[in-house]
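could you look at this predicted model? Sequence included:
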Amino acid sequence: MQPTRPAPRRTNRAGAVPSRAPRAGGSPASPGLSAFVLLFVGALGLGLSGLGCGGSGAGAALSGASFPVWQGGDRELFGDQIETAAIGLGGGLNPRSDKALWARSTAAELVGRARVQTVTVDTRAGKVHYHLGLRFAEPLLAPSELTERDFELTVEPTDPAYGLVKSLDTALQGRTFVGFLKRFRGADDEIDLHFHLAADSAEVAKVVQEAVALKEFGPK
């Protein structure tokens, strides 16, 4: 375990933090989407490179007041959770029939394959809090206006992921996931980042791409 350090607020080190997601309600796509998704994936690289050249995005000065409150469906989709299937413990739904995955894919501000770079801790009021340094790989699985790729996820004792993180501790370092991040309004108009980490699998990645393709190019 790495040395302890002063306790930060629940914000990411990169300056990008969470936002709001609709209640899970997406529906699985039909097999006919294959060619459609290939077209979308081909266009994705162009979209990402264009966004990377913009002057706004995560680096701009923002207030938490610009983001929604973390509540309702948002808490379900971005509940600071790590799926047990993501660490090889099984369980969970088939990605194609997981309605929450479909909804989360289009609600996230940043979604892609991510690696845990660091695991550190601090103690507050006698309770241990974990901090996961997460790095997203290029290309992302969906376009994003956020230009940062390195984030610090704070896992508090009340978070659903806490028990799993506590049991694995530094064994989480080096593990990869499909990560979903979104920014929300925190205390004193701070920007809070909330997350969901799913299994790093081809099936999950394909559902993400299909869901985003449907939102971008499907019937309005």
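It's in. Being a predicted model, the structure only gives us computed values, none of them experimental.

which residues of this protein fall in helices?
Applying DSSP state H to the chain gives helices spanning 33-52, 73-77, 99-107, 162-168, 202-217.

which other helices and strands contact the last one?
Think helix 202-217. For helix 202-217, the packing partners by 3 or more Cβ pairs under 8 Å, 6 or more residues apart in numbering; DSSP states H and E come out as helix 33-52, helix 99-107, strand 110-124, strand 176-185. C-beta coordinates here come from the backbone N, C-alpha and C atoms, glycine included.

now do the buried residues in that helix.
Within helix 202-217, the residues scored as buried using 16 or more other Cβ atoms under 10 Å are 204-214.

surely residue 146 touches residue 109?
Yes - contact criterion Cβ atoms under 8 Å: residue 146 and residue 109 qualify, at 5.8 Å.

okay, now the unreliable bits of the chain?
Within the chain, the ranges that satisfy pLDDT under 70 run 1-61, 220.

pick out the residue nearest the middle of it.
For the chain, residue 180 is the residue whose C-alpha lies nearest the centre (Cα atoms, centre = their mean; 1.7 Å).

list the contacts of that one.
Each residue near residue 180 by Cβ atoms under 8 Å, 6 or more residues apart in numbering is listed here: 77-78, 104-105, 108, 110-111, 195-198.

which of the residues you listed sits closest to residue 65?
Ranked by distance to residue 65 (Cβ to Cβ), the contacts of residue 180 are led by residue 78 at 18.8 Å.
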